[in-house]
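# Compute the structure for the input listed below.
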Amino acid sequence: MKQPKFQSKFKRGVSLIHQFDKSLCYSVQCDCGENECSSIVEIECDDDFGFIQLHFYKDVHFDFWRYSDKGILNSIKRFLYRWKKAFVLAFTGEISLHGDFIIIQPEHINNFIEALQEGRDYCVKAKEQVSSNLKELNKKMLEK
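Okay, here's the model as predicted:
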């Protein structure tokens, strides 16, 4: 079923990058100035369980700052540390990562909040559309 073209209203730090039948994807820029710090936020309507899912996609870095001083000794320590963590991941399946995201400007913060609300409203409308389509289909099936 073809839906009308959805138009997002954001300009500063938040932009709509994809629209699907039951989800919207936004790019949220970090105020630190690095492009690699941005995140993708997907707001998705799940018809099976009746809830809205938020997916945050972000590239994170593994402790690249450990033993970052120059010198052969620190290079060896850094190499051994990374191998130690690789073994922990390989044998336990667990690893701890972190990623920072900075939003400073009030307008940017408000746009992020409004993007979440816009995505929620979009999912609620998509859910209502699916529900009304199912009702019409059931009604047609009962008439036959």
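# and whichever strand or helix holds residue 16, which residues are buried?
According to DSSP states H and E, residue 16 maps onto strand 14-19. By neighbour count with 16 or more other Cβ atoms under 10 Å, strand 14-19 contains the buried residues 14, 16. All C-beta spots, glycine's among them, are computed from the backbone N, C-alpha and C.
# Packing partners of it?
strand 23-28, helix 106-143 (3 or more Cβ pairs under 8 Å, 6 or more residues apart in numbering; DSSP states H and E).
# Just the buried positions in the shortest one, please.
Going back to what we said before, that points to strand 23-28. Quick answer for strand 23-28 (16+ other Cβ under 10 Å): 23, 24, 25, 26, 27, 28.
# what is the residue most central in space within the chain paired to in the beta sheet?
With distances taken as Cα atoms, centre = their mean, the chain has residue 56 as the residue nearest its mean C-alpha position (2.3 Å). With DSSP bridges applied, residue 56 shows beta-bridge pairing to residue 41.
# I figured it was touching residue 43, is that so?
No. When contacts are counted by Cβ atoms under 8 Å, residue 56 is not listed as touching residue 43 (10.4 Å).
# tell me the domain boundaries of this structure?
Domains of the chain are assigned by automatic domain parsing as 1-60+102-144, 67-98.
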